[in-house]
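> Requesting a structural model of the entry that follows:
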Amino acid sequence: METLDQIKLRIEAAVPGAIVGILPNDSPSAQRSFLVNREHGRAVAEFLCADASLKLDYCSNATGIDWPEAELTEKIKVKQVVDGVEKEVEEVKKTLRPGCLEAVYHLYSMEKKHGPVILRMRTANRADQNHLPSLTPVWRSCEFQEREIYDLYGLVFDGHPDLRRILMWEGFQDFPMRRDYVGPDDYEYEPTPHDDVLEKAKPHQSVEVKK
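I've put the predicted structure just below:
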């Protein structure tokens, strides 16, 4: 299979306007991935699936990631004049990372026997601009997995054929996999609370006894 850099060039040639980045990976696998702008995500997916040399016809896994707003720090080397002498000193640089939601797709070719190619898309924010194009029309295996991401992260997939909760019940509030999710402390649905759950449930049990 071609390298990601080669595939990136062909995506940009085939899908005008597509913004394609290659994200590094510091883990031992060093498995890099594509980050594609959401406006062209569906078109890029269609290219990867249909291209004669790639034929990425199967999505094995679709997952969600929550990225809350965060202040990132990194150490950088800068040149400064100290006592009349130019020296290289270390400074801490702080940047604000806006919050967003991300969908990650692992793609393989059953026909060509290669992969994975990892495709990522990100929303504009975690609140009112939490939409991405559904890739279920390209890879049918995404249907339940996009529903799971919608259910647990609140990421809305435009064009999904049946976007509704799959694990939590309709009417459930909030999204359990978001990093700032605060779970309930009454646990009415757990008949025998124990350990930490028991400690959270005790105040409510006391109220029920008084009644």
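
> Could you use CA atoms for every contact and neighbour count after this?
Fine.

> which residue ranges form the helices in the chain?
Using DSSP state H, the helices of the chain run over 4-14, 41-50, 142-153, 195-210.

> so which of those is the most packed in?
Across those, the average number of neighbours (mean count of other C-alpha atoms under 10 Å) peaks for helix 142-153, which reaches a mean of 22.

> For the protein, which segments count as strands?
Counting by DSSP state E, the chain has these strands, from start to end: 20-23, 33-36, 58-67, 70-82, 85-97, 100-109, 114-122, 131-133, 156-158.

> contact partners of the last one?
It refers to strand 156-158. 130-134, 146, 150, 163 (C-alpha atoms under 8 Å, 6 or more residues apart in numbering).

> pull the helix or strand with minimum mean pLDDT from this structure.
One helix or strand of the chain scores below all others by mean pLDDT, DSSP states H and E: helix 195-210, with a mean of 65.

> hang on, the earlier thing: now the contacts of strand 156-158 as CSV including pLDDT?
Converted to CSV, the contacts of strand 156-158 look like this (pLDDT from 0 to 100):
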residue, pLDDT
Asn130, 97
His131, 98
Leu132, 98
Pro133, 98
Ser134, 98
Glu146, 98
Tyr150, 98
Leu163, 97
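
> can you pick the most crowded of those?
Among these, Glu146 has the most neighbours (other C-alpha atoms under 10 Å), with 29 neighbours.

> give me every residue that touches Pro137.
Neighbours of Pro137 in contact, by C-alpha under 8 Å, 6+ apart: 159-160.

> Could you check how far it is from Val82?
Counting by C-alpha to C-alpha, to the nearest Å, the separation of Pro137 from Val82 is 61 Å.

> Ok, Lys75 next?
19 Å.

> how much space between the residue lying farthest from the centre of the chain and Phe175?
The centre of the chain is farthest from one residue, Gly84, which by C-alpha atoms, centre = their mean lies 49.0 Å away. Using C-alpha to C-alpha, Gly84 is found at 57 Å from Phe175.

> swap in Pro137?
Distance from Pro137 to Phe175, by C-alpha to C-alpha: 25 Å.

> pLDDT score for the residue farthest from the centre of the chain?
Gly84 is assigned a predicted lDDT (pLDDT) of 78.

> do Ser27 as well
84.

> Could you do Lys75 as well?
pLDDT, Lys75: 85.

> surely it meets Val92?
Yes - counting by C-alpha atoms under 8 Å, Lys75 does reach Val92; the two are 4.6 Å apart.

> Run through the residues that contact Cys142.
Cys142 sits in contact with 59, 61-62, 135-136, where contact means C-alpha under 8 Å, 6+ apart.

> Nearest to Pro68 among these?
In terms of C-alpha to C-alpha, no member of the contacts of Cys142 lies closer to Pro68 than Ala62, at 19.9 Å.

> Any idea what the closest one is bridged to?
Beta-bridge pairing of Ala62 under DSSP bridges involves Tyr105.

> Relative to Asp174, how far out is it?
Separation of Ala62 from Asp174 (C-alpha to C-alpha) stands at 21 Å.

> before we move on, what about Val15?
36 Å.

> can I see the domain layout of the chain?
Here the domain parsing of the chain from automatic domain parsing is 4-66+100-168, 181-211.
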